[in-house]
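J.: Need a 3D model of the following:
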Amino acid sequence: MSLTILPLKFTNYQLLEDLKVRLSFHFNTIKVIIPEINIEETYNVQRQQYFSTKIIEAVKSVYSETEGNILIITEMDLFVPVLTHIYGEAELRGRFSIVSTCRLHEEFYTSERNTELLLERTFKEIMHEIGHNFGLLHCKDWQCVMHSSSGIEEVDLKHSLYCENCKSIIKSKEITF
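T.: Here you go, the predicted structure:
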């Protein structure tokens, strides 16, 4: 199984390298491609955020021929109209997903910098969004990475992997993960 990571408005290349190491346990091939996509039209001036669904659409129009899962990683603050913010979004049973590190930084909430916590939170959100690509819905198990997280505390509470029930759903779809 392959993963292509598209860092879009993203500058933390040490985090990207650390994520590639963690993700290499789950994907046979990981490529990083710097996308040349103008997503300024996805910016909402009133909200001062980027509309994640439209970013996915823009990326999909350029990278639809790319094989495997496509992960957009960004530092921009993301939204969908019904929520104040999101950590990520994914196509259910699709191949495209996006994760933002904007609100995963501890500095967003306190004055403390914590690179390990940022790595852990980002990895969890990537696994969550990729789970949606595999067809998983939100899980009721608070420790499962597929549990919905509306606040950073919920991100911190959950584990970074799928619960046994979610794993069995993935296996039933003959996805090796």
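J.: where along the protein do the helices fall?
T.: Using DSSP state H, the helices assigned to the chain run over residues 13-23, 52-63, 115-133, 152-157, 164-172.
J.: Quick check: which ranges of the chain have low pLDDT?
T.: Filtered on pLDDT under 70, the chain yields the residue ranges 174-177.
J.: go again using 90 as the cut-off
T.: 1, 36, 111, 150, 170-177 (pLDDT under 90).
J.: Show the end-to-end separation of stretch 145-164, please.
T.: End-to-end distance for stretch 145-164, by CA to CA, to the nearest Å: 11 Å.
J.: List the buried residues for it?
T.: Of the residues in stretch 145-164, V145, M146, H147, S149, I152, V155, K158, L161, Y162, C163 count as buried by neighbour count, 16 or more other CB atoms under 10 Å. For every residue, glycine as well, the C-beta is placed using N, CA and C.
J.: ditto for stretch 11-21
T.: N12, L15, D18, L19.
J.: related to what we said a few turns ago, right, and out of the buried residues of stretch 145-164, which lies closest to F25?
T.: L161 (10.2 Å; CB to CB).
J.: ok, the closest one touching Q143?
T.: No - using CB atoms under 8 Å, L161 is not in contact with Q143, being 9.3 Å away.
J.: if you skip the residues just before and after it, what's nearest to R113?
T.: Using CB to CB, 6 or more residues apart in numbering and skipping residues adjacent in sequence, the residue nearest R113 is E107, 5.6 Å away.
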